[in-house]
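S.K.: below are the sequence and a predicted model; questions follow.
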Amino acid sequence: MIKACGWALLMFALAACATLPPPAPPAPPAPPAAPSSVPALAAAIDAAAKRSDHEPDSKVRGELAAQADRDAQACLALEPQAAACLYGRGIALGLEARARPTRAGELLGKMLDSLAQAESADPAYDEAGPARVRALVLVRAPGWPLGPGDPEAGLAAARRAVELRPLYPPNLLALADALAKSGDVGGARENYARARAAALAQPASADREEWLQSADQGLQHR
Amino acid sequence: MSTLLAASLATLVFCAPGYPGAAGDAQPLVDRFASAAATAAGWPAGSLAAVYDPTEDGGLAKLGGSEAVLAFIPFPFFVEHAAQLHLTPLVQADMADIGPQQRWSLVAKSGRVTDAQSMAGFTILSVAGYAPGFVRHSALAGWALPADVKIEATGQVLSALRRVAAGESVAVLLDQTAAAALPTLPFAADLKVVTQSPELPVAVVAVVAGRVTAARAHSLQTALLAMGRGSGGADSLAPLRLRGFVPPKLPSASAPP
């Protein structure tokens, strides 16, 4: 009953899990040209993900998803095996899943495939982003048979991300979430605390504030 | 005045333990359904609120409140708590993908379970595991389980099936949707459906503790049975994967007290 409600779980913050490398240098004041290099296209997808995360209008979120998809396709046309492009396609598919909940199951499956390819190409890309984002999707999406969610596989992916980049706060947050989902309350608390300490060791930034907030929320609820 | 106040606070409690979906996600959907149902029944606008709780304990707490007049619950929940909550069924849900009834399937490792007695020492995991009475006496009524079989709730069916395939002393009771998807699993060849339940209701809308007058219950029942027939209420049904409602047809063992 109410299985459709599970798909609303997809409304998670992609921007929080997909922190691509910093954007290219600011565009000149004149209307910016369409991005044409792999780094610029990857940065454009990242920007779309961050905007979508804070965008209340579903129509605008749909447009951002479409633009991210075009950028991902352009990126893959330039370098089909580049981790940045495969990762970007995964993020773009996540945005599309969010914009089209009725197709979310199929789109999230493709997203996981793309992220797996990105992880094979360069597991360290975006601070172990492919494994981290895979973990978040596997932990938060509805499980079999309704969706691609698989908490066990999510926990394994989160552990891989932490193994590669143990001091990156989003990796620790993903591991804490995965442990919480698997019922390991103590492990979850420990990693929320580690994430908090790792965030405090970073320079002040909006990202750091979000990481601290997530860690604090995790600690409060466990 | 007190009648008016009570009417304004009337709440339909949705509760689906074991299924995905958080209260916040579901709230707009159940709000829309309650509004459409009340309108169709000719109840005053705004007289029926709705609330969703994904947990058994949370659902029980909400249903225990005096404002809870109606429950929309899976059949296992009804079997487990109908007597305690004094639930009187109004209608059965007719689900878009499986209809008003479903069979539950008990899945074990191929060759491991030959009959009920061979399950001594086993644990049965299920989304309906919070309702052991339903598991033993409704879903597996014709499969006399040994007394030492444990019944546990799980929302992580895939993990449970992996434990079955790995040879642990575990079996999984699947609803019809999950059972139909078994062949999609890469380790499906290691699994076997060892028995099935008779056809059982999927979900029930029930009056809680007689808190709706007979006249209002009748008008709501009539309205719900009409929803989904023609154009009536389809917009509020589809997001809940409902096709409509049918008259209650409960197995005799789960008849209301």
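M.R.: Yep, it's here. Since the model is a prediction, treat every value here as computed from it, not as a measurement.
S.K.: and the host helix or strand of residue B:81, how far out from the chain middle?
M.R.: Secondary structure from DSSP states H and E places residue B:81 in helix B:75-85. Mean-position distance between helix B:75-85 and its chain equals 10 Å (CA atoms, centre = their mean, to the nearest Å).
S.K.: which parts of it are buried?
M.R.: Within helix B:75-85, the residues that count as buried by 16 or more other CB atoms under 10 Å in any protein chain shown are B:75, B:76, B:77, B:78, B:79, B:80, B:81, B:82, B:85. Yep, even glycine has a C-beta here, placed from its N, CA and C like the rest.
S.K.: mean confidence for the longest helix seen in chain B?
M.R.: The single longest helix within chain B, with elements called by DSSP state H, is helix B:23-41. Helix B:23-41 carries an average pLDDT of 87.
S.K.: what residues sit buried inside that helix?
M.R.: Buried, per 16+ other CB under 10 Å, within helix B:23-41: B:25-27, B:29-41.
S.K.: same deal with stretch B:197-211?
M.R.: B:197, B:200, B:201, B:202, B:203, B:204, B:205, B:206, B:207, B:208, B:209, B:211.
S.K.: roughly how far apart are residue B:218 and chain A?
M.R.: 24 Å (CB to the nearest CB, to the nearest Å).
S.K.: what do you get for residue B:142?
M.R.: Applying CB to the nearest CB, the value for residue B:142 to chain A is 25 Å.
S.K.: contact partners for that residue?
M.R.: B:195, B:198 (CB atoms under 8 Å, 6 or more residues apart in numbering or on different chains).
S.K.: wait, a strand at it?
M.R.: No - counting by DSSP: H, G, I helix; E, B strand; the rest coil, residue B:142 is not found in a strand; it is coil.
S.K.: and it, what pLDDT?
M.R.: The model's pLDDT for residue B:142 equals 90.
S.K.: need phi/psi at it.
M.R.: Phi and psi for residue B:142, reported as degrees, to the nearest 10, are phi -100, psi 20.
S.K.: looking at chain B, which strand is longest?
M.R.: strand B:87-95 (DSSP state E).
S.K.: and the contacts of it?
M.R.: A:1, B:70-73, B:78, B:81, B:100-102, B:201-210, B:217, B:220-221, B:224-225, B:228, B:241-250, B:256.
S.K.: right, is whichever helix or strand comes after that strand up against chain A?
M.R.: As assigned by DSSP H and E, the chain's next helix or strand after strand B:87-95 is strand B:101-102. No - if you take CB under 8 Å from any CB of the partner chain as the test, strand B:101-102 misses chain A, and the best it gets is 10.8 Å.
S.K.: chain center to the helix or strand just after strand B:101-102: distance?
M.R.: Using DSSP H and E, the helix or strand that follows strand B:101-102 in sequence is strand B:105-109. With CA atoms, centre = their mean as the basis, strand B:105-109 stands 20 Å off its chain's centre.
S.K.: helices or strands up against strand B:105-109?
M.R.: Counting contacts by 3 or more CB pairs under 8 Å, 6 or more residues apart in numbering or on different chains; DSSP states H and E, strand B:105-109 packs against helix B:157-165, strand B:170-174, helix B:176-181, strand B:191-196.
S.K.: in the second one, what's buried?
M.R.: This means strand B:170-174. Counting neighbours by 16+ other CB under 10 Å, strand B:170-174 gives B:170, B:171, B:172, B:173, B:174 as buried.
S.K.: what's the domain layout of the chain?
M.R.: If you meant another chain, say so; for now it's chain A. A:34-122, A:132-222 (automatic domain parsing).
S.K.: to clarify, I was referring to chain B.
M.R.: According to automatic domain parsing, the ranges for chain B are B:2-98+B:201-249, B:104-196.
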